[in-house]
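Q: Here is my input, please return the structure:
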Amino acid sequence: MSEPARHRVDVALGDRAYPVHIGPGVRALLPRLVAATGARRAVVVSARPEGALPPLGVETLWLAARDGEENKHLGAVAGLCERFARFGLTRSDVVVSCGGGTTTDTVGLAAALYHRGTPVIHLPTSLLAQVDASIGGKTGVNLPEGKNLMGAYWQPRAVLCDTDFLATLPARERVNGYGELARCHFIGAPGLAALPLEQQIARSVALKASVVSRDERDQGLRHILNYGHTLGHALERATDYALRHGEAVAIGTVFAGRLAGALGRIPAARVAEHHDVVSSYGLPTRLPAAVDHDALVGYMRRDKKAEGHDLTFVLDGPDGPELVTGVPEALVRAELAAMPRSTAPTAPVTGPEPAPAH
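A: Numbering: from 1, shown residues only. Just a heads-up that it's a prediction; the model follows:
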């Protein structure tokens, strides 16, 4: 059978390597990929209608899922694992996720935990999930104290980025996905905006695959993939997810440029380039009008990249992007104060409770 994928990117992880297929109609490859696992049963967890995927050729349990950060919690993972058990799923079988980033992350974590690891195949259906969440094996759920603070590394057996799914996305969700593409400009894939969308996805996936193959578990190089995410995750949590992930990362990318400039790491022209690239995608570049700086700083201190209690950011510099620790809080607050504010306010929020004293 000829493969309908227009692009294939391999994530090189030795005996855990897997392909990422990108293009229209690649969901047709799913039955063959399920068969390759040797599974006798499959659970499909999908935020799309049941008819969205082809029959898998094995006994299949279909579970409906909901995308959205409010559904990304440990209770959802436990609920999935309970359904897996009642169905009689074993670690010789397979789990399939079909949905946006929330579904991908939550189902991935459930697969990682169930029987201490059950094969999973991802079919990301949002642009955000196709360019980022489905690749690299990071799974996770949120806590009230911050985003993605619980998770595990669990690589999929394959990823199918069927671009036909993108035609049904609302306009805001499509632009939301551009947030991860925009930050790629500063971490090794400049000029994506000039390419057709399918090629933008493939280039972004290839960049992430290259990084993950060299640093699977965030010990060094992989930190660059979090460009714009320190403030981005804080903005999501501080606005109670009124800002979507890609929108928040876009603002975080602009802020990362401003902060790198204030630290003397990059010249003014490169700072301006951060704003120009982000705005060229139609993404937001301003802080929400009512967001509280104390809340943002509190959430940024709890960022999973933070070392000790210092503020930590991935910042551009003369040698490219790198993790920068010990960024002075006073400078961070000054740059937050200097950021332009949007005219569309979000509800004021209260920051996280102080961390327990040690």
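Q: Which stretches in the protein count as strands?
A: Remark: strands assigned in the chain by DSSP state E are 7-11, 18-23, 41-46, 59-64, 94-99, 120-124, 138-143, 146-153, 158-162, 311-315, 322-327.
Q: can you redo those strands as TSV with distance to Thr168?
A: For glycine as for every other residue, the C-beta is placed from the backbone atoms N, C-alpha and C. TSV is the format used below for the strands of the chain (distance: least, CB to CB, whole Å):
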stretch	distance to Thr168
strand 7-11	21
strand 18-23	16
strand 41-46	14
strand 59-64	17
strand 94-99	12
strand 120-124	13
strand 138-143	25
strand 146-153	26
strand 158-162	11
strand 311-315	33
strand 322-327	37
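Q: Without its sequence neighbours, what residue ends up closest to the spatially most central residue of the chain?
A: The chain has Ala133 as the residue nearest its centroid, 3.7 Å off, counting by CA atoms, centre = their mean. Once flanking residues are discounted, Ala133 sits nearest to Gly101: 3.8 Å by CB to CB, 6 or more residues apart in numbering.
Q: cool, and Lys305?
A: Nearest to Lys305 is Thr312, by CB to CB, 6+ apart, at 5.2 Å.
Q: tally of neighbours for that neighbour?
A: Residue crowding around Thr312 was assessed by other CB atoms under 10 Å; the count is 21.
Q: Distance of it relative to Arg301?
A: 9 Å (CB to CB, to the nearest Å).
Q: same thing with Asp218?
A: Distance, Asp218 to Arg301, by CB to CB: 18 Å.
Q: Repeat that for Pro318.
A: 27 Å.
Q: higher neighbour count, the two?
A: Between Pro318 and Arg301, Arg301 has the larger neighbour count (other CB under 10 Å), namely 21 against 9.
Q: Was I right to think that one contacts Leu311?
A: Yes. Counting by CB atoms under 8 Å, Arg301 does reach Leu311; the two are 6.5 Å apart.
Q: for the protein, what spans make up the helices?
A: Taking DSSP state H as the test, the helices found in the chain are 30-37, 74-87, 101-113, 127-128, 171-184, 197-214, 229-238, 245-262, 268-280, 293-301, 329-338.
Q: So which of the ones you listed is nearest Arg286?
A: Across those, Arg286 has its closest neighbour in helix 245-262 (7.0 Å, CB to CB).
Q: Packing partners of the closest one?
A: Packed against helix 245-262 by the contact rule (3 or more CB pairs under 8 Å, 6 or more residues apart in numbering; DSSP states H and E) you find helix 171-184, helix 229-238, helix 268-280, strand 311-315, helix 329-338.
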